[in-house]
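J.: kindly generate the corresponding structure for this input.
(one chain, ligands or ions: 1)
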Amino acid sequence: MGLLSPKLEEKRLRLARVAKRQAFDCYMRRGQVPAALERLVEAAGSQAKFLDFGLSLFTKALGDDRPTTHYVWRSAGDERVRDTHAALSGQVFAWSDPPPHGHPGSEPNCRCWPEPYYGHPAVPDALLRLQRVVQSDSTGNALWSRIETLTRPDGSLAESTIQMRDGTRIYSAFSGASVTNAVTLANGWTVRFEKRDGVRRVYLGNDQIPLMEVSWAASGPQVALPRVRVAQVSLDTETEPPAPGPLILPSAGIIVAAGLLSLHNMLQAEPASLGATAAASPVIAFKVWKDGDDQAAGAVLVEALTAEQVSRWCKRLPEVQEWTNTAAIELAPLRAVSGASVWGTAVHAHVHNAVEALRISSPLAYGNVFSELSIDAEGRDSAMRIGPRYGHADTTRLDILEQVNPELVCVYDIKTGVAGLSMSRVRVIADRVRTRFPGANFYIMEVRPFE
Ligand SMILES: [Zn+2]
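T.: Now for the predicted structure:
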């Protein structure tokens, strides 16, 4: 009797064959066999080694709060990246087996970050027994009603289908460094986001030609528009007449933004359903285009930022989170007495006071942090924040803004209710940021008090 069941033994032999063939192919094409593949050939060589290998992957996946066993090394891609890290950029590493100088972000001032790599680099899904799990929300309060996932034995996500309560459906597939999210909105519109080799492509409907290509660079999102004019991917449909062409209104910009909003809100509510960890910070990135005196802003990508990425772009996020937590805790008695909306108003005011105090006591450090910018062009109206903030009053102010540099603004939207970001809220933010910080691209991040 062997260590493995006949079925598993059959899979081991198949894996050994496939791994050897791939190793041979790699050798023929590139003159060398990747270390990961070499280990796999070795592991598939005997029953005992195969079992050990499987267990090491599995315990690793269970041991960490990581969505995957492997990651792709990503770096800022500018001239400040040290040569040793530029050389690692794009390579795949195991969390259990870091390169000589450690994982991304571990050396001083390193701005590199790990991008999730789904599945083992050398094992095709066809060889694995995927685990199917269906979750239903019985409370009726979640953003989603049903989530179906297919997970690999190493704990990484292979596929997910999310049914949201507003009628939106999100189908996602994860393989290696590639991620596809197909979002079908309640009205039937479909938008597809594909991430491959660090480049994201956005497709409308079943189109094979991308609407735009987005890459994530040191200075913010870089966008190429192969098919359309800026006006069509911006959020302001009113400012430009629809252009003749294959696109039918509502504008592509609104469909893309609605798709990204759904992804963002699910990343916030149920990160595991989209292959992310609870530790990641979802962000929606907006690109601002200049056209003479006019500016157009469009939502271009959603990203679950790692701590390394947050420390590079939206540096104040940990502090904003802390101010929000403190406010929520100190005001907890008010919630019990006066209800959630009064409490929510008070939490916002409490955070605002904390920011104002810091701006006065440390004007150099906090000069680039702004609180409760009022929507009207006259500037901040301090009297307004005493009034009720629930309902429509909430849409008139921006909670906290951090001007990272002249080209980039981070907007921290403090949320005390269950609802996610809405399209109307996003449009208000876009409008205000453009007026106050002309030409700057911006990221929107939600901040909720930890319960
Ligand atoms: Zn680095």
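J.: got the contact list for the spatially closest residue to Asp399 that is not a sequence neighbour?
T.: Distances taken as CB to CB, 6 or more residues apart in numbering place Ile414 nearest to Asp399, at 4.4 Å, with adjacent residues excluded. For glycine as for every other residue, the C-beta is placed from the backbone atoms N, C-alpha and C. By CB atoms under 8 Å, 6 or more residues apart in numbering, the residues touching Ile414 are Val320, Thr324, Val347, His348, Val351, Asp399, Ile400, Glu446, Val447, Arg448.
J.: kindly recompute the last result at 6 Å.
T.: Ile414 is in contact with Thr324, His348, Asp399, Val447, counting by CB atoms under 6 Å, 6 or more residues apart in numbering.
J.: of those, the lowest pLDDT goes to which?
T.: The member of the contacts of Ile414 with the lowest pLDDT is Asp399, at 88.
J.: show me what contacts that residue?
T.: Neighbouring residues of Asp399 by CB under 6 Å, 6+ apart: Tyr412, Asp413, Ile414.
J.: kindly recompute the last result at 10 Å.
T.: For Asp399, the contact set (CB atoms under 10 Å, 6 or more residues apart in numbering) comprises 320, 324, 348, 351-352, 355, 370-373, 411-415, 429, 446-447.
J.: now, those that are in strands?
T.: If you go by DSSP state E, these have Phe370, Ser371, Glu372, Leu373, Val411, Tyr412, Asp413, Ile414, Glu446, Val447 in strands.
J.: low-confidence ranges, the stretch 151-300 of the chain, go.
T.: Within the stretch 151-300 of the chain, the ranges that satisfy pLDDT under 70 run 218-219, 237-250.
J.: go again with 50.
T.: Residues of the stretch 151-300 of the chain meeting the criterion pLDDT under 50: 239-248.
J.: can you pull out the strands in it?
T.: 157-164, 169-175, 178-184, 190-196, 199-204, 212-217, 220-224, 281-291, 294-305 (DSSP state E, counting those that start in this stretch).
J.: tell me which of these is the most buried.
T.: strand 294-305 (a mean of 23; mean count of other CB atoms under 10 Å).
J.: what's downstream of that one, the next helix or strand?
T.: As assigned by DSSP states H and E, the chain's next helix or strand after strand 294-305 is helix 307-310.
J.: who are the packing partners of that next one?
T.: For helix 307-310, the elements it packs on are strand 113-117, strand 281-291, helix 317-330, judged by 3 or more CB pairs under 10 Å, 6 or more residues apart in numbering; DSSP states H and E.
J.: around the ion, pick out the residues from the stretch 51-200 of the chain.
T.: His85, Cys110, Cys112 (CB under 5 Å from the ion).
J.: state the helix or strand in which whichever residue of the stretch 351-451 of the chain sits closest to the ion lies.
T.: Proximity of the stretch 351-451 of the chain to the ion (CB to the ion) peaks at Val404, 19.0 Å away. Per DSSP H and E: Val404 is located in strand 397-405.
J.: how many neighbours does the nearest residue to Val33 once chain neighbours are set aside have?
T.: Once flanking residues are discounted, Val33 sits nearest to Ala23: 4.7 Å by CB to CB, 6+ apart. When neighbours are defined as other CB atoms under 10 Å, Ala23 has 18 of them.
J.: now Ala23, what's its secondary structure?
T.: helix (DSSP: H, G, I helix; E, B strand; the rest coil).
J.: pretty sure it is touching Leu15, no?
T.: No - counting by CB atoms under 10 Å, Ala23 sits too far from Leu15 to count as a contact (11.9 Å).
J.: give me the common contacts of these two.
T.: Residues touching both Ala23 and Leu15 (CB under 10 Å, 6+ apart): Leu40, Val41, Ala122.
J.: what is the lowest-pLDDT residue among those residues?
T.: Within these, Leu40 has the lowest pLDDT, namely 76.
J.: contact partners for that residue?
T.: Leu40 makes contact with 15-16, 18-20, 22-23, 33-34, 50, 53, 120-123, according to CB under 10 Å, 6+ apart.
J.: could you do Leu128 as well?
T.: Residues near Leu128 by CB under 10 Å, 6+ apart: Lys11, Leu15, Gly119, His120, Leu150, Thr151, Arg152, Pro153, Asp154, Ala158.
J.: I'd like the distance between it and Lys195.
T.: Leu128 is 22 Å from Lys195, where distance means CB to CB, to the nearest Å.
J.: grab the nearest non-local neighbour of Ile209.
T.: Spatial nearest neighbour of Ile209, chain neighbours left out: Arg227 (6.1 Å); criterion: CB to CB, 6+ apart.
J.: where does that neighbour fall, phi/psi-wise?
T.: phi -120, psi -30 (degrees, to the nearest 10).
J.: next, count neighbours for it.
T.: A count of neighbours around Arg227, defined by other CB under 10 Å, yields 16.
J.: do Val256 as well
T.: A count of nearby residues for Val256, using other CB under 10 Å, gives 27.
J.: with the one 10 residues further on instead?
T.: Each residue near Met266 was counted by other CB under 10 Å, and the total is 27.
J.: that one is in contact with Asp166, isn't it?
T.: No - with contact defined as CB under 10 Å, Met266 and Asp166 do not form a contacting pair (11.3 Å).
J.: how many neighbouring residues does the one residue in the stretch 251-400 of the chain that gets nearest to the ion have?
T.: Relative to the ion, the nearest point of the stretch 251-400 of the chain is Glu308 (8.9 Å; CB to the ion). By other CB under 10 Å, the residues close to Glu308 number 17.
J.: quick check: the gap between it and Ser96.
T.: Distance, Glu308 to Ser96, using CB to CB: 19 Å.
J.: just Leu334 next, same as before
T.: Counting by CB to CB, the gap from Leu334 to Ser96 is 47 Å.
J.: quick one, helices of the stretch 51-200 of the chain?
T.: For the stretch 51-200 of the chain, helices defined by DSSP state H, counting those that start in this stretch occupy the ranges 83-88.
J.: that concludes my questions; thank you for your assistance.
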